[in-house]
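Have a look at this prediction, sequence included:
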Amino acid sequence: MNTTLGQKDKSWLEIFFSGRNALSWQAIVNRSAPSNWLEQVQPWIDTFKEEESESKVIVLPIFDSDGPSQWYGMATDARSAAILSAELTALVGPSYSDFKGHSLNSNSNDPIEYALIERFGKFVFRLNPLSSELRLEVMKSMQLYINLRKHCPSVPDRTQRPFGRIRADFDRALLVGNEVDAQHLRDELIATGRLNAEQQKYLEIRLLAGLGRQQQLAHDYTLIRSILELSPPTQVLTDIIEALYATYISPVERTGDLQTILTIFRQKILQGFGPLFKERKGLRSLDVLKSFLLFELTQNKPDIFRCDDIIANFPIEGEGRELVLNWRASLAEDTPKPEQSDLRDSIIKAIGDENYESAIELCISSLPAQYAYSSLLRCAVELADAETISKVLELVSQAPESIHNSWSKRDLTRLAQLEKLPTIIDTSLRPDSDWMNWIEYVKRGVFDRPPLQILEDSVARWSVTAYATDPQLCKKLSIEIGNAEGEAEEIFRSSFTYFAEFFTDRQSQPVRSFIPIYLMLLNAIAWNGTVSANELELSTGLMQALIDAGPDKSDYSEGLDAYFEILESNNAPNNIDWALNASEMLAINSSPNKEVRLRFFLSVVEMARENVHRLNSIQRAILPLLAQDYSCPDLLSTFPVIHENENLAEKKNYSKFSGLIGIYTLTETAAIRAKNFLQKLLPNARVEINADFSSTERLRHLASAADIFVFAWKSSKHQAYYAAKDARGNRVTRLPLGKGSASILDCVLDELGKIQVQ
């Protein structure tokens, strides 16, 4: 363990504890400083010098005669900086300080700040308490922070993977519905010791939502209640509200009976989880917008301004727009506009919803009220738009002297910030506003906040409809990503799961406008060479989305070329099932270019030929079926025969199994192939297929009666899943990773083997 400081670190520490800092470095070294001052710095310095990892963080205060007056947080790399920024925001953030996750301006002339920038580059954060009264609160939070870090569980395995890489793998597992991997990766994330109790709850919510377990999440009353008084990340808030809506409101919303819907909303959602609707935080998910509108409709005095803002944010082409318009119309005749005394509440809601433009309009209507001026300053700082700043400063300059005299220190700080903004930053770029602005921000390479942190905080607020209705914008986005180089390219690669989730999981159906983005994502996987099983499944999902979107011959060929490259780079025995499923997916879908599709299948056959000694009976049985699909049944005539695998049923004694096998999937072709194979292998067994979209008596009966039940998760509807799960009770439901017959059969035979052993 390192117990001494290197000269590089000693140099910047000596500068930091000098000049305007009332605590000197010498007073720390000889411990002559007041003990309560040393308690604020010594633990951080000790932890920093003892840590052997290259990824380090440290938080130190600037002292005046009354104690700590200002704090600086530093990190040695981008990943640690993103975590530090998030943790400082959670512990202190805008409640006690002016800190919102932004890095320190690299043009600072302050000697102390200059020394920090020289040592840590762009990974430096400055935090100022909002008032002298709040200094103590910040100090307590920082003391809590170092204590938490000191008591994080130690990880003896020095080969532990980087936190960011584990999180990326976790997100990929969720995207493909790999429950086993996702749970394992969740445990690995927790084992790093980097997550506090609150963050572990957020992770559990993300796990349930990402795996489509919305009903399970909605019924986990304790988990949701435990985060109600916190300020959860936007994605977590989206996950919870969507789960509640899907569980309680979706089953009845099509009835058109608003009173029934409102009654259920009050009883099932509002009564237990009302605090979720304090602030919308700019979220645009359709179910979230509908939930907030229902919340207002259940109030004694609905906020008309908030209702109209929700309607304005609801996409014109969005599913359910007519429904929300009818809901809004129920207030048209008998609900008055808010009176002057109510405008303040409307402004607070608009700011909490991050609808700053509407909040500014309401503020102007409320002038010359003191709260209106304070809110104007807040909105202008948040928007950081040159035109808005100019307008607000003009209004503020016209305020009565009594208003100026009544301003808090926070108001004055914001005013000073606004007066400086136009000259020190480019207000035309808001990386948290949409994809294109974020991409431009990354390409510039000058960051006041880590790009990945911005994505995590903001992407849930962005509108997918804006891209679905603008093919040229999608094409431009794909070109910008595809042509990136250097640091920008690395950041974009690290952002893959954000892109994939945004453009695939947020739409119920593939969108033709997204074809350039599907191609860009397929190429991104191809460029990575050897990839994980989850990434292979992601590539299949993207290829399916591309096909379903109706590509022309050129786009189809480009996508299949990337898919072929992925196959070539991942030619290994343990990927044969994936390759067979991929061939099956291509075979059962229309193809604008059958020649290139055949080339893909021929490579799969060659892959199987090279590994013939490792093929199981399922794989050997599927190959001839695929050869017929590709109109080349004689292709396997010279295929080597491994005789010991031919009598699998007799060898494993499977032929005596006489139970019921149930298969649920919306890819019926794959299920039919699996059924045909199983009927030959298991002549005494019964095999039934179900493809119902919702909870039906037929599905529930099959799930309840089946000795072996396979549910193709990624080819299903959530309503069907919960019907099957409830019917199964405590019995096993197998969830294949892929949609193809190879994955389904693998699950059946694996479960059959367990039954035979018992």
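Right, received. Where do you want to start? Numbering: from 1, shown residues only.

which residues in the stretch 351-500 of the chain form strands?
For the stretch 351-500 of the chain, strands defined by DSSP state E, counting those that start in this stretch do not occur.

cool, the stretch 51-200 of the chain as well?
Under the criterion DSSP E, counting those that start in this stretch, strands of the stretch 51-200 of the chain are mapped to 57-64, 67-75, 124-127.

closest one to Ile479 among those?
strand 67-75 (32.6 Å; Cβ to Cβ). Backbone N, C-alpha and C define where each C-beta goes, glycine included.

what pairs with that closest one, and is each one parallel or antiparallel?
Partners of strand 67-75 in the sheet, by DSSP bridges, are strand 57-64 (antiparallel), strand 124-127 (antiparallel).

would you turn these into JSON lines with distance to Leu244 and mean neighbour count?
Below are the strands paired with strand 67-75 laid out as JSON lines (distance: least, Cβ to Cβ, whole Å; neighbours: other Cβ atoms under 10 Å):
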{"stretch": "strand 57-64", "distance to Leu244": "36", "mean neighbour count": "21"}
{"stretch": "strand 124-127", "distance to Leu244": "35", "mean neighbour count": "22"}
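
mind giving me CSV with the ones you listed and columns for mean pLDDT?
Rendered in CSV, the data for the strands paired with strand 67-75 read as follows (pLDDT from 0 to 100):
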stretch, mean pLDDT
strand 57-64, 92
strand 124-127, 89
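
and of these, who's closest to Leu195?
strand 57-64 (15.0 Å).

who's in contact with that closest one?
The list of residues contacting strand 57-64 from outside it, by Cβ atoms under 8 Å, 6 or more residues apart in numbering, reads 16, 20-23, 37, 40-41, 44-45, 47-48, 68-76, 80-81, 83-84, 88, 112, 139, 142, 145-146.

try stretch 692-708
For stretch 692-708, the external contacting residues (Cβ under 8 Å, 6+ apart) are 659-662, 664, 666, 688, 690, 709, 717, 719-720, 722-729, 733-734, 748, 751-752, 755.

Can you say which of these are buried?
Buried subset of the contacts of stretch 692-708 (neighbour count, 16 or more other Cβ atoms under 10 Å): 661-662, 664, 666, 688, 690, 709, 717, 719-720, 722-725, 727-728, 733-734, 748, 751-752.

list the contacts for Arg161?
Glu188.

7 Å - rerun?
Applying Cβ atoms under 7 Å, 6 or more residues apart in numbering to Arg161 gives no contacts.

Could you measure from it over to Arg344?
When Cβ to Cβ, to the nearest Å is applied, the distance between Arg161 and Arg344 equals 50 Å.

related to what we said a few turns ago, quick one: the strands paired with strand 67-75 as a markdown table, columns for distance to Leu393 too.
Converted to a markdown table, those look like this (distance: least, Cβ to Cβ, whole Å):
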| stretch | distance to Leu393 |
| --- | --- |
| strand 57-64 | 30 |
| strand 124-127 | 24 |
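
how many other residues sit next to Glu456?
Other residues within reach of Glu456 by the criterion other Cβ atoms under 10 Å amount to 18.

can you check the one 10 residues further on too?
Taking other Cβ under 10 Å as the criterion, the count of residues near Ala466 is 15.

One more: Arg378?
Burial measure for Arg378: 21 neighbouring residues, criterion other Cβ under 10 Å.

for the one 3 residues further on, same thing?
If you count neighbours by other Cβ under 10 Å, Val381 ends up with 20.

mind listing what the spatially closest residue to it that is not a sequence neighbour touches?
With Cβ to Cβ, 6 or more residues apart in numbering as the criterion, Val381 has its nearest non-adjacent residue at 5.1 Å, and that residue is Arg414. If you count contacts by Cβ under 7 Å, 6+ apart, Arg414 has them with 377-378, 381.

Could you rerun that using 10 Å?
When the contact criterion is Cβ atoms under 10 Å, 6 or more residues apart in numbering, the partners of Arg414 are 98, 130, 374, 376-382, 392, 396, 407-408.

How about Lys290?
Neighbours of Lys290 in contact, by Cβ under 10 Å, 6+ apart: 241-242, 245, 249-250, 253, 261, 265, 310, 314, 318, 320, 323-324, 327.

Output the strands of the stretch 51-200 of the chain in TSV; the columns should cover distance to Ile481.
Below are the strands of the stretch 51-200 of the chain laid out as TSV (distance: least, Cβ to Cβ, whole Å):
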stretch	distance to Ile481
strand 57-64	30
strand 67-75	26
strand 124-127	28
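
For Phe496, give its distance to Leu538.
When Cβ to Cβ is the yardstick, Phe496 and Leu538 sit 9 Å from each other.

Between the two, which has more neighbouring residues?
Leu538 (25 against 20).

To which secondary structure element is the more buried one assigned?
Under DSSP states H and E, the secondary-structure element containing Leu538 is helix 533-548.

Return the alpha-carbon coordinates of that helix using CSV.
Listed in CSV are the C-alpha atoms of helix 533-548, where the atom choice follows Å, rounded to 0.1, in the frame of the first residue of the first chain:
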residue,chain,number,x,y,z
ALA,A,533,-23.5,-13.6,-26.5
ASN,A,534,-25.7,-10.6,-25.5
GLU,A,535,-24.2,-8.5,-28.2
LEU,A,536,-24.9,-11.3,-30.7
GLU,A,537,-28.5,-11.3,-29.7
LEU,A,538,-28.6,-7.5,-30.0
SER,A,539,-27.3,-7.8,-33.5
THR,A,540,-30.2,-10.2,-34.3
GLY,A,541,-32.7,-7.8,-32.8
LEU,A,542,-31.3,-4.9,-34.9
MET,A,543,-31.3,-7.0,-38.1
GLN,A,544,-34.9,-8.0,-37.4
ALA,A,545,-35.8,-4.3,-36.8
LEU,A,546,-34.1,-3.4,-40.1
ILE,A,547,-36.1,-6.0,-42.0
ASP,A,548,-39.4,-5.1,-40.4
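
Many thanks, have a good one.
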